[in-house]
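> build me a model from this:
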Amino acid sequence: TLLEKQASGLILASVGRCEGLVAQYARHGVPIVFIDNIPEGADSSEVVSIDNYAAARELTQAMLARGYRDVGMITGPNDQSTGSLRRMGFESALQDAGIPVRDHWVLEGDFRMASGRACMEKILRMRDRPRAMIIANNYMTYGAVNAIREAGLRIPEDIALAAFDAYDETGLITPLITSLNQPAQQIGKHAAEIILSRLRNEPAPACAQATLRPVLFAGGSW
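This is a model prediction of the structure:
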């Protein structure tokens, strides 16, 4: 729709692997920047994102450093880079620590609140449930928190949580969730700078393939 209206450039947060998407947009000759989820075939495209694999390793290692060993995860969809890479980073951190990955503790959500609730309800019904959870985005975390509270359990006393992008500035969620947050403003700024440089026919800025650092907020959920 945007291309039909002759948009001069596009910043795309795509969903799924989107095979053929990159070639489809390239045919239109407008500058494209991908953010967040990176579709297949975008290796040579202009991208602004975090290193989701390394970020998930970092968050999992921080959880392990607090003494937790029985750790599960609610992942995003495996057909999205943000889902698959965060799961791989989580599993890599466990393996490096000599902790086996228990597949039944790793459940795939869809980045929506209802799936976070459903996955956490399934975890809580397990007889050998994990002591701590890594959750791949904020909405699934909010669903998981609701499920934990409705089960009469406490965070972190009964189950600890750490998540991506679940920093709550309102303070309505207690305890505050430990969260590894993408630098959203910087991602938007870098992406816009790339588009503007292309429209001005200027050389690509140094950030044309930018991998930015997420920021850890240590809340009271672990």
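
> in the one helix or strand in the chain whose mean pLDDT sits lowest, what's buried?
Across the helices and strands of the chain, mean confidence by mean pLDDT, DSSP states H and E is lowest for helix 21-26: a mean of 75. If you call a residue buried by 16 or more other C-beta atoms under 10 Å, then helix 21-26 has these buried ones: 21-22, 25. Using the backbone N, CA and C atoms, a C-beta is placed for each residue, glycine as well.

> give me the low-pLDDT residue ranges for this protein?
Segments of the chain classed as low confidence (criterion: pLDDT under 70) are 16-19, 41-44, 204-209.

> what about the strands in it?
10-12, 32-35, 46-50, 71-75, 106-108, 132-135, 160-164, 178-181, 209-212, 215-217 (DSSP state E).

> tell me the most buried of those strands?
Scoring those by mean neighbour count under mean count of other C-beta atoms under 10 Å gives strand 132-135 as the most buried, with a mean of 28.

> who does it touch, helix- and strand-wise?
Of the remaining helices and strands, those touching strand 132-135 by 3 or more C-beta pairs under 8 Å, 6 or more residues apart in numbering; DSSP states H and E are helix 52-65, strand 71-75, helix 113-124, helix 138-150, strand 160-164.

> and the longest one, how far out from the chain middle?
Spelled out, that is helix 52-65. Chain-centre distance of helix 52-65: 12 Å, with C-alpha atoms, centre = their mean, to the nearest Å.

> now tell me what touches it from outside.
71, 81-82, 85-90, 92-94, 97, 99, 132, 134, 136, 160, 162, 164, 178, 180, 214, 216, 222 (C-beta atoms under 8 Å, 6 or more residues apart in numbering).

> what does the fourth one give?
By C-beta under 8 Å, 6+ apart, the residues outside helix 138-150 that reach it are 74, 76, 109, 111-121, 124, 133, 135, 154-155, 158-159, 161, 163-167, 173, 177, 179.

> try the third one
Outside of helix 113-124, the residues within contact range by C-beta under 8 Å, 6+ apart are 72, 74, 105, 107-109, 129-130, 133, 135, 139-144, 146-148, 151, 153, 159.

> now with 7 Å?
72, 74, 107, 109, 129-130, 135, 139-144, 146-148, 151 (C-beta atoms under 7 Å, 6 or more residues apart in numbering).

> now, of the residues you listed, which are buried?
Neighbour-count burial (16+ other C-beta under 10 Å) is assigned, among these, to 72, 74, 107, 109, 129-130, 135, 139-144, 146-148.

> Gly188: which of these is nearest?
Here the nearest of those to Gly188, counting by C-beta to C-beta, is Tyr139; it sits at 19.6 Å.
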